[in-house]
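1. coordinates only, sequence not included:
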């Protein structure tokens with residue numbers, strides 16, 4: 001195997017040498033070999049040693065006349081170098097070769113996950129609205145608006161009928177981005193209820209900044225008041241563990257907004273929104289008020305079929321690899337009757353996009369298309385009158401929400 005390792009190092013260094021640049025992003029490379037089978041066998045060994053977080057992003061790729069094993073991380077050169085050094089120590093201890101950094105590019109992946117599918121949680125074939133959502137997302141995939149390296153999750157709950165209408169990948173743990181902020185608000189109001197903290201004018205301003213403006217510094221301010229992410233997580237798990245079963249709150253949100261370690265499921269958001277609407281949480285009225293403040297969102301703003309005057313209580317989340325929205329929409333019917341329902345949609349990419357603005361807008365448009373479809377179903381289900389159309393899609397989105 002020494003010849004193989006030498007071949008790996010030489011081939012990888014040749015690929016790296018011309019690629020260094022100030023603005024470049026980097027992956028980590030492990031083995032290059034003429035035999036695809038040899039690289040696939042190596043991948044299994046490396047994945048077992050490097051753990052599931054890395055294994056999920058390992059890909060066998062095709063070079064000019066060989067195959068390589070690459071960790072798709074799309075990070076800076078310095079962080080890639082530290083990752084490669086750490087992986088080298090682990091791999092060489094078990095008789096495998098060194099890892100080196102390599103310029104990120106559009107790799108020709110020959111062995112990776114099959115194109116993602118959007119599965120309902122039950123075994124019976126999806127019917128009704130759930131089937132329509134699945135067909136719509138599949139159409140978006142065929143048109144390239146959702147890529148093979150992206151997974152989606154959706155939930156729709158109708159308060160009027162008390163029925164869950166859509167449950168697609170609902171319990172899959174996904175990154176939270178700013179979608180975690182209403183949970184931070186819940187932890188804070190739980191501490192207020194216990195008399196540990198207070199909520200006055202200053203805290204109200206910071207709460208509005210965190211939810212309405214998606215201000216990361218305000219989110220971190222609340223986390224520090226709670227004793228840090230771990231303390232906030234313990235409080236939420238202790239009091240609301242049956243509601244937030246998939247919550248994994250472990251990090252502050254950096255100024256850049258690149259928060260990738262906090263995780264939750266779409267089901268967590270849905271259960272939270274049910275309890276919020278029913279007034280079952282400490283601070284329910286205030287959290288709902290702040291979530292209902294005017295702001296850019298993806299459930300009404302730009303959703304063609306949803307009337308512009310539809311009240312919405314929501315929170316968006318966006319990073320370079322996640323686009324989502326969780327919210328309660330209140331459809332208006334005849335004689336002043338209202339028909340509230342929950343819609344949660346999340347699209348997560350395996351690695352960070354290199355075209356953040358365009359990626360965010362296009363995935364936001366997928367969520368808008370699903371929101372339009374859901375509103376049409378709710379409207380037909382309850383015989384609602386038409387409202388004021390929300391206007392053209394593709395409104396200007398504010399990054400980082």
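-> Yep, it's here. Given the structure is predicted, the values throughout are model-derived calculations rather than measurements. Residues are numbered from 1 along each chain as shown.
2. going forward, measure contacts between C-alpha atoms and count neighbours the same way
-> OK.
3. Now stretch 128-142: buried residues?
-> 129-134, 136-138, 140-141 (16 or more other C-alpha atoms under 10 Å).
4. now do stretch 150-157
-> 150-157.
5. Now intersect the buried residues of stretch 128-142 with the helices, please.
-> 129-134, 136-138, 140-141 (DSSP state H).
6. Just give me the closest of those to residue 334.
-> residue 129 (22.9 Å; C-alpha to C-alpha).
7. how close does that closest one get to residue 154?
-> 11 Å (C-alpha to C-alpha, to the nearest Å).
8. any common contacting residues for these two?
-> residue 166 (C-alpha atoms under 8 Å, 6 or more residues apart in numbering).
9. ok, now how distant is residue 26 from residue 105?
-> Applying C-alpha to C-alpha to residue 26 and residue 105 gives a distance of 8 Å.
10. Residue 196 too?
-> 50 Å.
11. Residues touching stretch 208-227, excluding its own?
-> 178, 181-182, 184-185, 187-188, 191, 206-207, 229, 232, 252-255, 257, 290-291, 293-295, 315, 400-401.
12. Oops, could you answer that again for stretch 58-69 instead?
-> Contacts of stretch 58-69 (C-alpha under 8 Å, 6+ apart): 29-36, 39-40, 43, 47, 70-72, 107-112.
13. Quote the end-to-end distance of that stretch.
-> 7 Å.
14. Pull the distance from it to the chain's centre.
-> Here stretch 58-69 is found 28 Å from its chain centre; the criterion is C-alpha atoms, centre = their mean, to the nearest Å.
15. Likewise for stretch 320-328?
-> With C-alpha atoms, centre = their mean, you get 6 Å for stretch 320-328.
16. List the buried residues for that stretch?
-> 320-328.
17. Need those residues in TSV (columns: distance to residue 361, pLDDT and secondary structure).
-> Below are these laid out as TSV (distance: C-alpha to C-alpha, whole Å; pLDDT from 0 to 100; DSSP: H, G, I helix; E, B strand; the rest coil):
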residue	distance to residue 361	pLDDT	secondary structure
320	11	94	coil
321	12	94	coil
322	12	96	strand
323	9	98	strand
324	11	98	strand
325	13	98	strand
326	17	98	strand
327	19	98	strand
328	21	98	strand
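18. Just give me the closest of the residues you listed to residue 52.
-> residue 321 (18.1 Å).
19. would you say residue 306 is within a helix?
-> No. Counting by DSSP: H, G, I helix; E, B strand; the rest coil, residue 306 is not part of a helix but coil.
20. what number of residues lie near it?
-> Neighbour count of residue 306, defined by other C-alpha atoms under 10 Å: 28.
21. need the contact list for the residue lying closest to residue 130 once chain neighbours are set aside.
-> Excluding its sequence neighbours, the residue lying closest to residue 130 (C-alpha to C-alpha, 6 or more residues apart in numbering) is residue 166, at 4.7 Å. Counting by C-alpha under 8 Å, 6+ apart, residue 166 makes contact with 120, 129-130, 133, 154-157.
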